[in-house]
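turn this into a structure:
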Amino acid sequence: MSLIFALLNITSINKIKNNMLKTGAKAPKFSVKNQAGETVTQEVFVGKKTVLYFYPADNTPTCTVEACNLTDNYKLLQKNGYTVFGVSPDSEKKHINFIKKYALPFDLLCDTELQMAKAFKVWGEKQLFGKKYDGILRTTFIIDENGKIERVITDVKSKEHAKQILEK
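Got it, this is the predicted structure:
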């Protein structure tokens with residue numbers, strides 16, 4: 001099934017890649033809530049290597065596989081100095097349920113107004129089974145200790161995502 005999604009989204013992803021934030025760019029400013037209702041801003045990146053992964057929705061098959069892969073490899077990611085944040089348009093309540101259901105050890109950010117998705121340029125046209133719609137393009141940003149984008153992963157492999165992050 002994920003191969004079908006990948007093939008159908010190639011055109012949309014290529015369009016977005018051309019506009020997406022690039023390596024070396026400063027991470028955009030934002031202010032959103034996490035699952036606990038606490039405000040999180042771009043200041044969270046300062047002094048830490050950060051994995052900021054954007055995904056479409058909690059409790060969907062591919063998003064769950066991705067979150068579980070990061071959970072299974074969380075200690076290794078931490079050992080390599082990374083702080084992890086997931087970002088989707090879901091509410092605090094949905095995030096809390098997703099975290100509890102899969103014992104996720106990292107915060108999920110509530111981008112209900114699409115502030116972050118638009119600032120990071122991962123909101124755009126997608127296509128599934130011939131139907132076009134706007135949504136989150138699954139993308140991960142590796143951000144350095146100074147708040148600059150070190151790497152962008154657009155071809156996220158949900159089952160191997162931690163491995164992709166750790167590749168240099």
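
all contacts plus neighbour counts: C-alpha atoms, from now on.
Noted.

quick one: least confident helix or strand in this protein?
Per-element confidence for the chain was summarised using mean pLDDT, DSSP states H and E. The lowest value among helices and strands belongs to helix 2-19, with a mean of 46.

hang on, Q164 is in a helix, isn't it?
Yes - secondary structure of Q164, determined by DSSP: H, G, I helix; E, B strand; the rest coil: located in a helix.

and it, what does it touch?
Contacts for Q164 were tallied using CA atoms under 8 Å, 6 or more residues apart in numbering; they are I153, V156, K157.

ok, Y82 next?
Applying CA under 8 Å, 6+ apart, one finds that Y82 lies in contact with K48, K49, T50, V51.

measure the residue of the chain most remote from its centre to R138 for me?
For the chain, the largest distance from the centre (CA atoms, centre = their mean) belongs to G130, which lies 24.8 Å off. Note on G130: its distance to R138, by CA to CA, to the nearest Å, is 19 Å.

just L70 next, same as before
Taking CA to CA as the criterion, L70 is separated from R138 by 14 Å.

what residues of stretch 111-123 count as buried?
Neighbour counts using 16 or more other CA atoms under 10 Å place D111, T112, L114, Q115, M116, A117, F120, K121, V122, W123 of stretch 111-123 among the buried residues.

could you export that stretch as PDB, CA atoms only?
Extracted C-alpha coordinates of stretch 111-123, given in PDB (Å, rounded to 0.1, in the frame of the first residue of the first chain):
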ATOM      1  CA  ASP A 111      -0.100  22.400  14.300                       C
ATOM      2  CA  THR A 112      -3.900  22.800  14.100                       C
ATOM      3  CA  GLU A 113      -3.600  26.100  12.300                       C
ATOM      4  CA  LEU A 114      -0.900  24.800   9.900                       C
ATOM      5  CA  GLN A 115       1.500  27.500  11.000                       C
ATOM      6  CA  MET A 116       4.500  25.200  11.100                       C
ATOM      7  CA  ALA A 117       3.500  23.200   8.000                       C
ATOM      8  CA  LYS A 118       3.300  26.300   6.000                       C
ATOM      9  CA  ALA A 119       6.400  27.900   7.500                       C
ATOM     10  CA  PHE A 120       8.400  24.800   6.800                       C
ATOM     11  CA  LYS A 121       6.700  24.500   3.400                       C
ATOM     12  CA  VAL A 122       5.400  21.000   3.800                       C
ATOM     13  CA  TRP A 123       1.800  21.800   3.300                       C
END
